[in-house]
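Engineer: From the sequence below, what's the structure:
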Amino acid sequence: MATVMTQGWDLVAVATQSLLNELIGAAYNDNLFPSNVNTSSGGITFDGSFGTPTTNLTPPQSSGTSSMASIEVPISGTLTFSGASHVIPDGSTLLIISNLQYLSVTLDGTDAVRLYLDFTSQYAIFSVSVNPPQGWVAVLNGMVEYYLQQVYKGGSYYLGTVNLEGVPAAVQPVGSIYFAIQANTSNPDSNILALVANTSTGSAGSLNFMGGPALLPSDQNAAMYISNRCILNNMLLPVLATQLNTTASSFTVTGNSSTPYNVSLNTSVNLDGEYNPKLTSMNNYVNNNGQIQSDYGAVGYPVSAFSSLIWINVSGHIYLTPGLSGQTISFNVDAPSGSGSAALSPGGWAIVGALIIATFGTLGACVAAVVAIVVPIVVTQLKFNISLSQVGANIGSASTSFNWPAASIAPLTGVTLPGDLILYIDPQV
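Structural biologist: The predicted model follows:
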């Protein structure tokens with residue numbers, strides 16, 4: 001059975017703690033976090049510096065469904081008040097625990113999203129640690145908190161900014177954004193941050209990823225998940241309805257946040273072609289081999305005047321396998337030849353047998369002839385044109401491939417379909 005891991009969300013972006021720390025280190029080197037500080041308030045002056053921050057996705061106050069995180073920052077310098085100066089000892093640190101936030105911004109006319117740690121949050125905790133302990137640490141703690149909450153960039157430390165120029169709107173986070181942590185108790189660097197967005201079902205998923213499989217294998221540090229439901233219901237179903245010239249109501253959709261989805265035809269659909277073919281069944285799902293599989297049944301009528309007496313049942317399978325070539329994601333279609341068998345109503349053979357033999361030679365030849373015509377009609381009419389660029393939208397005119405828009409800043413390294421579609425990413429630090 002296919003494995004679903006997105007907990008009811010359409011899109012889930014994940015990254016390891018070690019990757020976040022690489023990004024934070026790069027941001028510090030680019031002066032996106034304060035290094036040298038000189039600030040005064042109420043007769044108190046702090047003149048010092050902050051070192052390279054590191055983040056922890058599982059601080060003591062957090063849990064698996066929490067959006068809390070922390071950064072720890074080396075701190076040095078001098079605190080002056082009441083006519084006395086106090087040198088901060090080597091090895092001192094500042095620990096900030098707060099909640100993560102998401103913000104849509106426009107930078108120089110370009111849409112972007114930012115992930116940040118909210119220093120002004122009611123949940124924010126600031127804690128300066130020095131060794132040996134000093135009585136003036138509380139004053140220093142207050143000055144650092146004042147500076148970061150009221151002076152520095154509006155009290156928000158940006159953990160990263162993503163340029164969304166050229167990214168299809170359908171794959172951008174929409175509405176409320178939530179965060180969850182999948183902790184790795186044996187290796188904190190492999191803690192995983194998951195960013196999830198509202199779903200097309202209108203209902204929120206679960207934020208508890210702790211009981212499920214690891215969202216990232218040990219050799220990957222970032223990925224984007226497109227859910228099993230999104231692949232079948234939001235992407236495949238509109239294609240089927242459009243290409244079969246029917247409506248979405250002709251299909252029954254089953255599945256939930258823990259059970260793989262299935263899209264099945266619930267009525268028969270007439271197809272254009274010789275022998276008046278009709279699609280009678282179609283069951284679409286993700287199989288155990290990382291493919292979208294479509295099991296179909298159809299009928300053809302070798303003698304139209306006697307369609308109620310003899311017909312040919314045709315069955316077959318179509319497989320769509322995701323692949324990556326450079327930075328292009330494509331679904332390769334494999335449609336092996338179908339098989340068929342004759343079906344006769346009572347008395348059917350006695351009435352039309354002579355005509356069948358006269359036309360085809362034998363009943364077997366009749367079956368083969370109908371199969372040879374009907375299967376290509378099914379496969380041709382169901383082109384299975386799927387595009388990731390139109391997730392959740394009308395994609396009747398989409399292509400079978402998709403060029404990843406973020407190739408320069410986060411190139412794709414692989415694509416798999418164990419149930420959800422997983423795009424492995426290598427953000428450039």
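
Engineer: low-confidence ranges in the stretch 251-400 of the chain?
Structural biologist: When the per-residue scores of the stretch 251-400 of the chain are filtered using pLDDT under 70, the ranges that remain are 272-275, 301-312, 335-400.

Engineer: Revised request: answer the last question for the stretch 101-250 of the chain.
Structural biologist: For the stretch 101-250 of the chain, the stretches with pLDDT under 70 are 101-116, 153-177, 197-200, 202.

Engineer: try 50
Structural biologist: Within the stretch 101-250 of the chain, the set of residues satisfying pLDDT under 50 comprises 105, 107, 155, 164, 167-168, 170-171.

Engineer: At which residues are the helices of it located?
Structural biologist: Under the criterion DSSP state H, counting those that start in this stretch, the stretch 101-250 of the chain contains helices at 137-146, 228-229, 237-243.

Engineer: Including distance to S257, could these go into JSON lines?
Structural biologist: Where you see a C-beta, it was placed from the backbone N, CA and C, and this is true even at glycine. Formatted as JSON lines, these follow (distance: least, C-beta to C-beta, whole Å):
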{"stretch": "helix 137-146", "distance to S257": "40"}
{"stretch": "helix 228-229", "distance to S257": "8"}
{"stretch": "helix 237-243", "distance to S257": "18"}
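
Engineer: Nearest to G414 among those would be which one?
Structural biologist: Proximity of these to G414 was assessed by C-beta to C-beta; the nearest stretch is helix 228-229, lying at 18.1 Å.

Engineer: Could you give the bridge partners of the closest residue to F251 other than its chain neighbours?
Structural biologist: Setting aside the residues directly before and after it, F251 is nearest to V263 in space (C-beta to C-beta, 6 or more residues apart in numbering), at 5.3 Å. Listed by DSSP bridges, the beta-bridge partners for V263 are V253, N284.

Engineer: So for N21, which of the helices of the stretch 101-250 of the chain sits nearest?
Structural biologist: With respect to N21, and counting by C-beta to C-beta, the nearest of those is helix 137-146 at 21.0 Å.

Engineer: quick one: buried residues of the closest one?
Structural biologist: In terms of neighbour count (16 or more other C-beta atoms under 10 Å), helix 137-146 has its buried residues at 137, 139-140, 142-146.

Engineer: from those residues, which single one is nearest L23?
Structural biologist: For the buried residues of helix 137-146, the minimum distance to L23 (C-beta to C-beta) is 23.0 Å, reached by V144.

Engineer: My guess is that closest one contacts S129. True?
Structural biologist: No: taking contacts as C-beta atoms under 8 Å, V144 lies outside contact range of S129: 11.7 Å.

Engineer: Mind listing the shared neighbours of those two?
Structural biologist: L94 (C-beta atoms under 8 Å, 6 or more residues apart in numbering).

Engineer: Could you say which helix or strand holds T39?
Structural biologist: In this structure, T39 is located in strand 36-41 according to DSSP states H and E.

Engineer: strand partners of that strand, parallel vs antiparallel please.
Structural biologist: Pairing partners of strand 36-41, with direction, according to DSSP bridges: strand 44-50 (antiparallel).

Engineer: avg pLDDT for the partner strand?
Structural biologist: Strand 44-50 shows a mean pLDDT of 95.

Engineer: strands paired with the next helix or strand after that strand, and their directions?
Structural biologist: Next helix or strand after strand 44-50 toward the C-terminus (DSSP H and E): strand 54-56. When pairing is defined by DSSP bridges, strand 54-56 lines up against strand 68-81 (antiparallel).

Engineer: now the angle from the partner strand to helix 137-146?
Structural biologist: 120 degrees (axes from the mean of the first three to the mean of the last three C-alpha atoms, to 10 degrees).

Engineer: now for the following helix or strand past strand 68-81, which elements pack on it?
Structural biologist: The helix or strand immediately downstream of strand 68-81 is strand 84-88, counting by DSSP H and E. For strand 84-88, the packing partners by 3 or more C-beta pairs under 8 Å, 6 or more residues apart in numbering; DSSP states H and E come out as strand 68-81.

Engineer: quick one: buried residues of the strand it packs on?
Structural biologist: 68-73, 75, 77, 79, 81.

Engineer: Am I right that G25 sits in a helix?
Structural biologist: Yes: assigned with DSSP: H, G, I helix; E, B strand; the rest coil, G25 falls within a helix.

Engineer: Can you tell me the closest non-neighbouring residue to it?
Structural biologist: In space, and not counting its chain neighbours, G25 is closest to T52: 5.5 Å by C-beta to C-beta, 6+ apart.

Engineer: Would you agree the one you found is in contact with I75?
Structural biologist: No: because the distance of 11.6 Å does not satisfy C-beta under 8 Å, T52 is recorded as not touching I75.

Engineer: domain ranges for this structure?
Structural biologist: Per automatic domain parsing, the structural domains of the chain span 1-222, 229-390.

Engineer: shouldn't P213 be in contact with T3?
Structural biologist: Yes: with contact defined as C-beta under 8 Å, P213 and T3 form a contacting pair (6.8 Å).

Engineer: out of those two, which sits in the more crowded spot?
Structural biologist: T3 (14 against 11; other C-beta atoms under 10 Å).

Engineer: how near is that one to M224?
Structural biologist: In this structure, T3 lies at 17 Å from M224, with C-beta to C-beta, to the nearest Å as the measure.

Engineer: one step back: next up, the contacts around the residue nearest to G25.
Structural biologist: Each residue near T52 by C-beta under 8 Å, 6+ apart is listed here: 24-25, 28, 73-74.

Engineer: Check G290 too.
Structural biologist: Applying C-beta under 8 Å, 6+ apart, one finds that G290 lies in contact with 321-322, 416-418.

Engineer: quick one: it from Y319, how far?
Structural biologist: Plainly put, G290 is 10 Å away from Y319 if you go by C-beta to C-beta.

Engineer: What of V139?
Structural biologist: Distance from V139 to Y319, by C-beta to C-beta: 68 Å.

Engineer: Might one say that L216 is in contact with V14?
Structural biologist: Yes: the pair L216 and V14 qualifies as a contact (C-beta under 8 Å) at a distance of 5.9 Å.
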